[in-house]
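In: give me coordinates for this.
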Amino acid sequence: MRSDVLELLREAGGYISGEKMAVRLGITRAAVWKKIAALREAGYDISSAPRSGYVLRAVPDRLLEPEITQGLETAHIGRRIICYDAVDSTNLVLKELAREGAADGTVVVADTQGTGRGRMERAFFSPPGKGIWVSILLRPTFLPQDAPKCTLMAAVAVARAMEKFGLRAGIKWPNDIMHEGRKLVGILTEMSAEMDRVNYVVIGIGINVNIAAEDFPEELRPIATSLMQMKGAPLPRVAFLQELLRALDTLYAEVQRAGFAPVLAAWKEYAVTLGQTVRVIAPAGEEFEGVAADIDAEGALLIDTPAGQRRVLAGDVSIRPSKQ
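Out: All right, here's what the predicted structure looks like:
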């Protein structure tokens, strides 16, 4: 919803007449009024006064393209941002755009999702107006075997965005952002590739921003929380999304230039899994326990078990309660 009238209101910094806007834009004053009405409908607080014109008083904390791009100044991520009130899944929308040729760095964000999914095909609770449900398209130069590490890169980007708001993240392998054992953020990375090249990577990120405890379905309350509950006050969603996109933009440029080693090192700084006794349910259904010792250069979790070290690239990993 890019608006030339909104840009003039921002530029003016005070009152600007409808006549002046009409001349600047080459449209009628009636057309200016219609655009003002549409902005008000979207939640912008615009006052008007006879002989003075219009003034922008406040902007809504809604995930709208003009607000997200205002001052964003990223090199790649967010060069095109597409916003929806509601979609089935931001990943599904962006994968279709990717197949149609959407550019590297394209972002799709929605106020709510109907069929959002996380890892292991788990449903993701996506209430309107309270979270950030966003997908980012990458067309990287690295090889397909490196693409799964984009999940770790996204987790580090979220953690760095949280730090801008005074919040310390904990990452449970590979990409769940946790606080006191409950989940704040889910990340799902999907890829289209050939043997020797990546066609595209879509990173879907769902962030529980301003969800109160009572807003969660009863079955999620013991295992999910939000940034608002963590901080004790609501957070501005637009500002948080901007920090996330900036952090991801910086990391993506670094990866393209120098590989994933710096990302893996940063991931370890936030890890809550390493050093813990964990239980693993492998994709084939095998279950075992051990101590999470490290991650390797591929992002796999290395687990020390009585039978020797195991390497886990995929599976469900849960941290076991410590024995008193």
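In: contacts, neighbours, all on C-alpha from now
Out: OK.
In: report the buried residues of the lengthiest helix in the chain.
Out: If you go by DSSP state H, the chain has its longest helix at helix 237-258. Buried positions in helix 237-258, judged by neighbour count with 16 or more other CA atoms under 10 Å: 237-249, 251-252, 255.
In: go on, stretch 301-311?
Out: So, applying 16+ other CA under 10 Å, buried residues of stretch 301-311: 301-304, 310.
In: how about low-confidence regions in the stretch 1-150 of the chain?
Out: 1-2, 115-124 (pLDDT under 70).
In: for it, which segments count as strands?
Out: In the stretch 1-150 of the chain, the segments counted as strands under DSSP state E, counting those that start in this stretch are 45-49, 53-58, 81-87, 107-113, 131-138.
In: can you tell me what sits against the second one?
Out: Strand 53-58 is touched from outside by 9-10, 13-18, 44-48, with contacts defined as CA atoms under 8 Å, 6 or more residues apart in numbering.
In: switch the residues you listed over to a markdown table; also include distance to Pro222 and neighbour count.
Out: As requested, the contacts of strand 53-58 are exported to a markdown table (distance: CA to CA, whole Å; neighbours: other CA atoms under 10 Å):
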| residue | distance to Pro222 | neighbour count |
| --- | --- | --- |
| Leu9 | 46 | 21 |
| Arg10 | 44 | 15 |
| Gly13 | 47 | 11 |
| Gly14 | 48 | 13 |
| Tyr15 | 50 | 19 |
| Ile16 | 52 | 21 |
| Ser17 | 54 | 19 |
| Gly18 | 53 | 22 |
| Tyr44 | 37 | 19 |
| Asp45 | 39 | 15 |
| Ile46 | 42 | 18 |
| Ser47 | 45 | 14 |
| Ser48 | 49 | 15 |
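In: which among those residues gets closest to Ser135?
Out: The closest of the contacts of strand 53-58 to Ser135 turns out to be Tyr44 (CA to CA; 25.4 Å).
In: okay but the closest one is in contact with Asp61, surely?
Out: No. Counting by CA atoms under 8 Å, Tyr44 does not reach Asp61; the two are 9.4 Å apart.
In: what's near enough to touch the spatially most central residue of the chain?
Out: Residue closest to the average C-alpha location in the chain (CA atoms, centre = their mean): Ile205, at 4.1 Å. Residues near Ile205 by CA under 8 Å, 6+ apart: 132-135, 185-188.
In: quick check, nearest of the buried residues of helix 237-258 to Ala31?
Out: Distance to Ala31, by CA to CA, is smallest for Val238 among these, at 28.2 Å.
In: isn't the closest one up against Val59?
Out: No. With contact defined as CA under 8 Å, Val238 does not count as touching Val59 (10.5 Å).
In: about what we covered before: quick one: buried ones out of the contacts of Ile205?
Out: Neighbour-count burial (16+ other CA under 10 Å) is assigned, among those, to 132-135, 185-188.
In: now render those as CSV, adding distance to Val93.
Out: Shown next, in CSV, are the buried ones among the contacts of Ile205 (distance: CA to CA, whole Å):
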residue, distance to Val93
Ile132, 15
Trp133, 12
Val134, 11
Ser135, 9
Val185, 20
Gly186, 18
Ile187, 16
Leu188, 14
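In: out of the residues you listed, the closest to Val109 would be?
Out: Of these, the one sitting nearest to Val109 (CA to CA) turns out to be Val134, at 4.3 Å.
In: show me what the closest one is bridged to.
Out: On the basis of DSSP bridges, Val134 is bridged to Val109, Ile205.
In: quick one: contacts for it?
Out: Val134 neighbours (CA under 8 Å, 6+ apart): 90-91, 107-110, 204-206.
In: cool, Ser52 as well?
Out: 15-17.
In: do Thr112 as well
Out: Counting by CA under 8 Å, 6+ apart, Thr112 touches 85-87, 126-129, 131, 133.
In: among those, who's most crowded?
Out: Trp133 (31 neighbours; other CA atoms under 10 Å).
In: could you measure from that one over to Gly101?
Out: 22 Å (CA to CA, to the nearest Å).
In: re the thing from before, let me have the strands of the stretch 1-150 of the chain in a markdown table, extended by distance to Pro66.
Out: Shown next, in a markdown table, are the strands of the stretch 1-150 of the chain (distance: least, CA to CA, whole Å):
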| stretch | distance to Pro66 |
| --- | --- |
| strand 45-49 | 15 |
| strand 53-58 | 13 |
| strand 81-87 | 9 |
| strand 107-113 | 13 |
| strand 131-138 | 16 |
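In: number of residues surrounding Glu100?
Out: 9.
In: contact partners for it?
Out: Applying CA under 8 Å, 6+ apart, no residues qualify as near Glu100.
In: and the gap between it and Val93?
Out: Using CA to CA, we find Glu100 at a distance of 11 Å from Val93.
In: same check on Val263?
Out: Distance, Val263 to Val93, using CA to CA: 27 Å.
In: who has more neighbours, these two?
Out: Higher neighbour count among Val263 and Val93: Val263, with 22 against 14, using other CA under 10 Å.
In: for Ile295, see how far away the nearest residue to the more buried one once chain neighbours are set aside is.
Out: Leaving aside its chain neighbours, Val263 sits nearest to Met153 (5.9 Å; criterion: CA to CA, 6 or more residues apart in numbering). Distance of Met153 to Ile295, computed by CA to CA: 14 Å.
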